[in-house]
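Undergrad: After the sequence you'll find the predicted model.
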Amino acid sequence: MTFNRISRLLARHNIKSVGLPPKKIPSFLRLVKDDLGLKMPGVYSIPCECGKVYIGQTGRSVEARIREHEHHIWIGQPEKSAVAEHHFNMEHCIQLGDTSILSSKTGYMDRIIREAIKIKLHPDNFNREDGLYLSRSWKPLIHTLQGLRE
C-alpha cells in the first residue's frame, strides 16, 4: 500500500519505480557449510608420540602441507622439514593422522600471528623457529590465554 502511494508520487515527476518482493526468511539465514577439515589453509598442530607437537601454518590446504612433511620423512630429507628432522633425530613416530587445525585463517598476517601465539602457548614443541617475533605488548594476552588453557 505504501509502495503504491510513493510510486504514484514519483510518477508525477517522471520517475519510474520498480517494486521488489519482500525478502523471505531463508535469505537471512546463513548457509550450512560442510566441515572442510584439513582441506583449508590455516595454523595446524602435528603431534608426536613423545608428547611434543609441531605447530605450522600454510596458505594452501593443511592436507597438502602434511603430505609434504610425510614426503620429506619418506625420502629422508630432514633439512626440509622440522617434522622430518624430529622423526630422524629422535627416532620418534610422528602422528600425521592426528593433525588438527588450530585456526582456519586465510590471510597471511592472520596466520603468522596466530602461529606465533600458538607456539608461545605450547612451549613443548619441536619447531625450529618461534615464528613471528611478538613484541612485549602481546605478553598480557598470551598470559591470559595460557590461564584459560589450564
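TA: Done, it's in.

Undergrad: Could you list the buried residues of stretch 133-146?
TA: The neighbour-count check on stretch 133-146 (16 or more other C-beta atoms under 10 Å) flags 134, 138 as buried. (C-beta placed from N, C-alpha, C; glycine too.)

Undergrad: Tell me which residues are up against it.
TA: 113, 116-117, 120-121 (C-beta atoms under 8 Å, 6 or more residues apart in numbering).

Undergrad: try 6 Å this time
TA: 116, 120-121 (C-beta atoms under 6 Å, 6 or more residues apart in numbering).

Undergrad: Mind exporting the C-alpha coordinates of it to PDB?
TA: Output of stretch 133-146 as PDB, limited to C-alpha atoms (Å, rounded to 0.1, in the frame of the first residue of the first chain):
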ATOM      1  CA  TYR A 133      58.500 -12.100  16.700                       C
ATOM      2  CA  LEU A 134      55.800 -10.800  19.000                       C
ATOM      3  CA  SER A 135      56.500  -7.600  20.900                       C
ATOM      4  CA  ARG A 136      56.100  -7.400  24.700                       C
ATOM      5  CA  SER A 137      52.700  -5.900  24.200                       C
ATOM      6  CA  TRP A 138      51.400  -9.400  23.400                       C
ATOM      7  CA  LYS A 139      52.600 -10.800  26.700                       C
ATOM      8  CA  PRO A 140      49.400 -10.000  28.700                       C
ATOM      9  CA  LEU A 141      47.200 -11.600  26.000                       C
ATOM     10  CA  ILE A 142      49.300 -14.700  25.900                       C
ATOM     11  CA  HIS A 143      49.400 -14.900  29.700                       C
ATOM     12  CA  THR A 144      45.600 -14.700  29.700                       C
ATOM     13  CA  LEU A 145      45.200 -17.300  27.100                       C
ATOM     14  CA  GLN A 146      47.600 -19.600  29.000                       C
END
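
Undergrad: give me every residue that touches Tyr44.
TA: Here Tyr44 is in contact with 56, 62, 99, 101 (C-beta under 6 Å, 6+ apart).

Undergrad: Extract the CA atoms of the strand or helix carrying Tyr44 and return them as PDB.
TA: Assigned by DSSP states H and E, Tyr44 belongs to strand 42-47. What follows is strand 42-47, C-alpha atoms only, in PDB (Å, rounded to 0.1, in the frame of the first residue of the first chain):
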ATOM      1  CA  GLY A  42      45.400 -22.200   8.500                       C
ATOM      2  CA  VAL A  43      47.500 -22.900  11.600                       C
ATOM      3  CA  TYR A  44      47.900 -26.600  12.400                       C
ATOM      4  CA  SER A  45      49.400 -28.900  15.000                       C
ATOM      5  CA  ILE A  46      51.100 -32.300  14.300                       C
ATOM      6  CA  PRO A  47      51.600 -34.400  17.500                       C
END
